[in-house]
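>>> the sequence and its predicted three-dimensional model are supplied below.
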Number of protein chains: 6
Amino acid sequence: MQEMKIVVFTAHPADSIIGAGGTLARYAEEGHEVVDVCATLGQALRPDMNPDDVGRIREEERTKAANRLGYSDIRNMGYHDTELPYNREIVGKITQIIRGERPDIVMTYWWQNVHPDLRNLSKAVSDALILAAFYYPSKLPAWNVKKLYVFSSLNSINWDPEFYIDITEYIDKKRQALEELTLVDELIREWEGPSSRGLANQIISQNRHYGLYSSVPYAEAFREFFAVEIKSRALKYLPI
Amino acid sequence: MQEMKIVVFTAHPADSIIGAGGTLARYAEEGHEVVDVCATLGQALRPDMNPDDVGRIREEERTKAANRLGYSDIRNMGYHDTELPYNREIVGKITQIIRGERPDIVMTYWWQNVHPDLRNLSKAVSDALILAAFYYPSKLPAWNVKKLYVFSSLNSINWDPEFYIDITEYIDKKRQALEELTLVDELIREWEGPSSRGLANQIISQNRHYGLYSSVPYAEAFREFFAVEIKSRALKYLPI
Amino acid sequence: MQEMKIVVFTAHPADSIIGAGGTLARYAEEGHEVVDVCATLGQALRPDMNPDDVGRIREEERTKAANRLGYSDIRNMGYHDTELPYNREIVGKITQIIRGERPDIVMTYWWQNVHPDLRNLSKAVSDALILAAFYYPSKLPAWNVKKLYVFSSLNSINWDPEFYIDITEYIDKKRQALEELTLVDELIREWEGPSSRGLANQIISQNRHYGLYSSVPYAEAFREFFAVEIKSRALKYLPI
Amino acid sequence: MQEMKIVVFTAHPADSIIGAGGTLARYAEEGHEVVDVCATLGQALRPDMNPDDVGRIREEERTKAANRLGYSDIRNMGYHDTELPYNREIVGKITQIIRGERPDIVMTYWWQNVHPDLRNLSKAVSDALILAAFYYPSKLPAWNVKKLYVFSSLNSINWDPEFYIDITEYIDKKRQALEELTLVDELIREWEGPSSRGLANQIISQNRHYGLYSSVPYAEAFREFFAVEIKSRALKYLPI
Amino acid sequence: MQEMKIVVFTAHPADSIIGAGGTLARYAEEGHEVVDVCATLGQALRPDMNPDDVGRIREEERTKAANRLGYSDIRNMGYHDTELPYNREIVGKITQIIRGERPDIVMTYWWQNVHPDLRNLSKAVSDALILAAFYYPSKLPAWNVKKLYVFSSLNSINWDPEFYIDITEYIDKKRQALEELTLVDELIREWEGPSSRGLANQIISQNRHYGLYSSVPYAEAFREFFAVEIKSRALKYLPI
Amino acid sequence: MQEMKIVVFTAHPADSIIGAGGTLARYAEEGHEVVDVCATLGQALRPDMNPDDVGRIREEERTKAANRLGYSDIRNMGYHDTELPYNREIVGKITQIIRGERPDIVMTYWWQNVHPDLRNLSKAVSDALILAAFYYPSKLPAWNVKKLYVFSSLNSINWDPEFYIDITEYIDKKRQALEELTLVDELIREWEGPSSRGLANQIISQNRHYGLYSSVPYAEAFREFFAVEIKSRALKYLPI
């Protein structure tokens, strides 16, 4: 396979690792370039903590987690958690990133989500793929992303996977990455009470559950989302 | 809560335990009556074994598994695995069981399923609830089941849960029950290869995954399916 | 049942009574606290009348209607009918109400609606449940609503009820409440012409229709909508 | 409009009147021919009565009801209630009726239904339209039905109306027709208890409810279902 | 049929011709009034051209194309391509057009679309029908549109046609109209490469495809979308 | 890519060519083995011709059409058109073909179809994949098909493509193949009247339409359908 560039956009730190970490680990290991862009610092996670502290810790944690998965190009767009807008400005910023990076594959969340940040981010990414391909007042030349793939988050609604990617070989890396995310882990333990087994166990269980539907021990789940001018959208062969 | 009777119908042995074992354990522990009816002996599980041997072993295993969950009324309708029909005869037999047992709740599979046995059994149970309530040439008096709940199986299609039941207190019992099902466990290990962690781990992961969507450590998932004359279908209160 | 607080949010006066009046009457009668928050004064109902007059009359009418149902905590957020926004300000105001009231159950409309006010209000309530649970710059402590239930309005799209609540005992109270809503009643009579039988008859017919699907004379219809951290979302028992 | 022939197929007596009576009354009054074919005698309605007596009474009642609506061509295919099959024989019989009558419009139930009789009848009618249009070993020449319209019954699942037909002018006739159906009326009163207001009130409420969605006092609801070779399926104008 | 006025709203020039040109040609030929309102000049089509030039050429082309179809009332709302907002201003402008024109039928896009301009325009039109019917601060009197019909664009999602309109008699006019749209034609030829057969062939193929589903050589596809107070929404007859 | 075997099952002759001919041509050209199994002879196509003559002609035509596409393994199961059953016998026959051929990919129709033959065949193929993998009383060893792909037919309902395969290079071969199908071509010309352009034009238009959604000149559309034990269902990479 030719070397590719994958850019993944999320609203909150490490959601890329939770939703697609095993798949990203494979792409990284096989020499593809992974760029992980988070729109906010995830400051609002803990109602009982100072938001700036939370943001700083989460940024460090997701950097360590990404390293566990084998990639290190970690970026932040600087929005504030729970205040991520859906407007022309954020669409324009993502458009510029896409025109600048010229990725083959873009990944983000499935757009139906109860959390406004996630819904807004997903719509902004989808819109930006269109602006990137048509006229846009930018010095960067137009760019057509080949595929836009979406994964779910805990707050997704009507999520119905279309593809399962086998991550069995990468499940240990993913577990190590998840174990770096101590702030989220603590919150889950608090919510679930004394019988909780924490974040890594929770997400690994979900990958095991997706594996159950795809006859492998562990899998991640994706859907394709339409981009505007997707020259290679038609495949040459049925996937097998 | 008043004492209730729950009758669960499946096509293959122990599918009730896989899909609803934790919920059944709770009902059993709290003094409700559980009747577990399987239509076949599950003879066709192993293409490489004598079907009668497979059937005998699986019947023993599901009896032990049910005992782990706290109930013992285990019945079999005597059909042959992969040959479970959808016809007037099986609908009539289930109608008679329903008129004889007079259950409050009936459980079975979600009807959309790639496996013909499961699809046929689900349709036959749903039809039987109607025949049980209307005229039917039987000495047993008519009976209206209050609720028909369905759970998924591995081969379910378009499965979209409506209710999650918290089974955290019963997860250990469910694990022990699943560990009795050695024939299915071996098949899964064979399918998944050396990295497989077997049946119990697989199903418990699924319950963990459902818990993820319902803010408890472990949950099972159900939908209501319509019965014909369901006097109490309207609730008095919104579930909380 | 433990005493609960229910907060219902609508965009236009008395939509709570039309959609959920019988259910609210039951909760009120059994000692639960009902808070009925309307975002606008419903000023735009009559294109041929002065908006301020319409708003004043409708506020009086909905107060009388609520009293017929047995509750009296009636509030208004002061937005203008047909101008209800979906933005950070209104989400923040609802967040503050939720943190202040600390309700067990929140009710609002089903979000898919052709009327922009209703769609905006529904999305704002759903978002506010998330902000209320996470970090939010407010002196009021974080609060997790247990359940978010939605009902339909006349302009709902793709409405598919999940629960029916039996309101047969409260149908007379609901009729009396609906009869207080004279401005809406007149509009309906004008739209439907001489054969019209008016608002109360129309809504009661709808409740009769929902009863038809739930084997009781009169019912109201609801769906659960997801909130972000809903500790008790998994139930202990299947609803019966 | 050119004079048309409408043939309606149901599984149980008078379901055509409940689902489409107002619409049929209009067609009859305006000189179109209505043929009302019931597959069974509805013998199984009352578990506590002799089936043959039930069948005889219901056949009389539906004749009187049809007369109230203005048509009199009432036929019965002689199947037994709760035993209506889905097989080549019944499809063939309906094929022959269609080739013999050469209707413009065929009506039946929406196919998704928990009652096996209704589901079977709906599928058999749909199949028969195909056999009627292609080679079939019959002396009657092939016939292409122009439109197949379906209405709901109480047991329909996933029912989502596509067209509403204004029956306000025919609502009194429909009420009179429904009042002839005493056996069903008694069953509903028994199911609903002392607060029941009976069948006619129930169905008229449903038509009022559909009117609510189509801005008329009373309406019936339909969907188009595909026939195989539907020359005129494309319309000349958008419906208005 | 009484003479009607049809107003069609699109975001980009000539989308009305692509989606509904044959149907508009019929209405025009039979003496109905067609008003074709475009929100933008389509300036962003070509990333490699000056936007103002693109806008001017496209406006000329769509005027010529409309003339081919037999109507000439072509208007532009002056928004900029890829910047079409969804806000109170644009909804108000469309409300004023509707109150001023008093159309029987309004047409626009199906609202689910990956292109933000199309999604925004579709929502704005739907909202404006509501504001036009209720109180709105305008000297123009309130107006109820009878029907809102939507057609698809290339970027529509979940598009499921409800009506097919036979355009066989108008297919030559539509082809001539499409051949006027040289800028879009060039873009498609560039995207598809040397084997491309251009825009007109592409759209005519789509109409042939819709004809395949409606037993005519060429058809266009529509859905009804709900308007708020649609007195005549219930039909007198089933469409045939 | 490793050499594969593809077995395609249809109910009527040449439906494989109409639905998947371009894709099959590619597989054939690249050295994969294509086996094309038709369940009936398509005898009922013409109500005005002798069924046996029709069957003989259609079998010859589809052989010639397959040769145009580059494969020649054409088989017939000997059922009669319009009488194709869904029962244990046909499922067993297909099970034996699958165990005998041991294909990597099986193709058939999307199961939701108004034509009973197509619906029955689709369900029988899906069931047979399960029987082939589990215990089945046959001397042939068990076999797990890797992927089951489905395509649409003209009578498909709720068809929503998941994958588009680029057939631009094979469109001329497909056209030549379609031109061999004279009996179907005549029927379409008769149905559509003097403006008809016949079968090949119709199907090529459909492929052009699918190309429109996948940014290539011509495409065919597929969905994956679940098989029971699909070891490789999880992919290694996202399709690109």
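Nice, thanks for sending it over.
>>> which SS state does the most far-flung residue of chain A relative to its centre fall under?
In chain A, the residue that sits farthest from the middle, by CA atoms, centre = their mean, is A:P194; the gap is 29.8 Å. Using DSSP: H, G, I helix; E, B strand; the rest coil, the secondary structure recorded for A:P194 is coil.
>>> beta partners of A:F225?
When bridges are called by DSSP bridges, A:F225 pairs up with A:L148.
>>> residue contacts, it?
The neighbours of A:F225, taking CB atoms under 8 Å, 6 or more residues apart in numbering or on different chains as the test, are A:W110, A:W111, A:S126, A:L148, A:Y149, A:V150, E:V114. For every residue, glycine as well, the C-beta is placed using N, CA and C.
>>> give me the pLDDT for the second one.
Looking at A:W111, its pLDDT reads 85.
>>> and it, what does it touch?
The contact partners of A:W111, taken as CB under 8 Å, 6+ apart, are A:R119, A:S122, A:K123, A:S126, A:V150, A:F225.
>>> distance of the nearest residue to A:Q112 once chain neighbours are set aside relative to C:V145?
Leaving aside its chain neighbours, A:Q112 sits nearest to A:I157 (4.4 Å; criterion: CB to CB, 6 or more residues apart in numbering or on different chains). In this view, A:I157 and C:V145 are 17 Å apart by CB to CB, to the nearest Å.
>>> check A:E3 too.
In this structure, A:E3 lies at 48 Å from C:V145, with CB to CB as the measure.
>>> higher neighbour count, the two?
Neighbours per residue (other CB atoms under 10 Å in any protein chain shown) separate A:E3 from C:V145, with C:V145 holding more: 23 against 10.
>>> thought C:I105 was touching the more buried one, still the case?
Yes. Under the criterion of CB atoms under 8 Å, C:V145 lies in contact with C:I105, with a separation of 7.3 Å.
>>> where do the helices of chain A begin and end?
Listed in chain order, the helices found in chain A under DSSP state H are A:15-29, A:51-69, A:88-101, A:116-133, A:171-179, A:182-192, A:198-212.
>>> which one of those helices lies nearest to D:I171?
If you check each of these against D:I171 by CB to CB, helix A:116-133 wins as the nearest, at 44.5 Å.
>>> by contact count, what packs against the closest one?
For helix A:116-133, the elements it packs on are strand A:5-10, strand A:33-40, helix A:88-101, strand A:105-109, strand A:147-151, helix C:116-133, helix E:116-133, judged by 3 or more CB pairs under 8 Å, 6 or more residues apart in numbering or on different chains; DSSP states H and E.
>>> just name the most buried of those.
Sort the helices and strands packed on helix A:116-133 by mean neighbour count, taking mean count of other CB atoms under 10 Å in any protein chain shown, and strand A:105-109 sits at the top with a mean of 27.
>>> ok, and does that strand reach over to chain C?
No. With CB under 8 Å from any CB of the partner chain as the criterion, chain C is not reached by strand A:105-109; the gap is at least 14.6 Å.
>>> now do that strand against helix A:116-133, angle only.
Relative orientation of strand A:105-109 and helix A:116-133, computed by axes from the mean of the first three to the mean of the last three CA atoms, to 10 degrees: 160 degrees.
>>> now do strand A:105-109 against strand A:147-151, angle only.
On the basis of the same axes, to 10 degrees, strand A:105-109 is oriented at 30 degrees to strand A:147-151.
>>> parallel or antiparallel, list what pairs with strand A:105-109.
In the sheet, strand A:105-109 lines up against strand A:5-10 (parallel), strand A:147-151 (parallel) (DSSP bridges).
>>> kindly format the C-alpha coordinates of the last one as PDB.
So the one you mean is strand A:147-151. Coordinates of each C-alpha in strand A:147-151 appear next as PDB, following Å, rounded to 0.1, in the frame of the first residue of the first chain:
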ATOM      1  CA  LYS A 147     -12.400   9.200   2.400                       C
ATOM      2  CA  LEU A 148     -14.000  10.600   5.500                       C
ATOM      3  CA  TYR A 149     -14.400   7.800   8.100                       C
ATOM      4  CA  VAL A 150     -16.200   8.300  11.400                       C
ATOM      5  CA  PHE A 151     -16.100   6.400  14.700                       C
END
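>>> next up, the contacts around the residue nearest to A:R56 when sequence neighbours are not counted.
The spatial neighbour of A:R56 that comes closest, neighbours along the chain excluded (CB to CB, 6+ apart), is A:L41 at 7.4 Å. A:L41 makes contact with A:P13, A:V54, A:G55, A:R56, A:R58, A:E59, A:N76, A:G78, A:H80, A:D81, according to CB under 8 Å, 6+ apart.
>>> and the residue of chain A that's closest to chain D?
Among residues of chain A, the one nearest chain D by CB to the nearest CB turns out to be A:N158. It sits 15.5 Å away.
>>> and that residue, what is it in contact with?
Under the criterion of CB under 8 Å, 6+ apart, the contact list for A:N158 reads A:Q112.
>>> change it to 10 Å
When contacts are counted by CB atoms under 10 Å, 6 or more residues apart in numbering or on different chains, A:N158 is found next to A:W110, A:W111, A:Q112, A:N113, A:S152, B:D160.
>>> and the pLDDT at the nearest residue to A:K123 once chain neighbours are set aside?
The shortest distance from A:K123 to any residue that is not its chain neighbour, by CB to CB, 6+ apart, is 5.4 Å, and that residue is A:Y86. In this model, A:Y86 is scored at 94, pLDDT.
>>> mind checking how far A:Y86 is from chain C?
Distance, A:Y86 to chain C, using CB to the nearest CB, to the nearest Å: 10 Å.
>>> tally of neighbours for that residue?
As a burial measure, the neighbour count of A:Y86 was computed by other CB under 10 Å and equals 17.
>>> A:Y79 is in contact with that one, correct?
No. The pair A:Y86 and A:Y79 does not pass the contact test of CB atoms under 10 Å, sitting 11.1 Å apart.
>>> what do the two both touch?
Counting by CB under 10 Å, 6+ apart, the common neighbours of A:Y86 and A:Y79 are A:D117, A:N120, A:L121.
>>> identify the residues contacting the closest residue to A:R68 other than its chain neighbours.
Sequence neighbours aside, A:A177 is the residue nearest to A:R68 in space, at 4.0 Å (criterion: CB to CB, 6+ apart). Residues in contact with A:A177 (CB under 10 Å, 6+ apart) are A:14, A:17-18, A:21-22, A:24-25, A:61-62, A:64-70, A:170, A:200, A:203.
>>> neighbour-wise, which one of the contacts of A:L41 leads?
Top of those by neighbour count (other CB under 10 Å): A:P13, with 31 neighbours.
>>> wait, doesn't that residue sit right on A:M77?
No. With contacts defined as CB under 10 Å, A:P13 does not count as touching A:M77, sitting 11.6 Å away.
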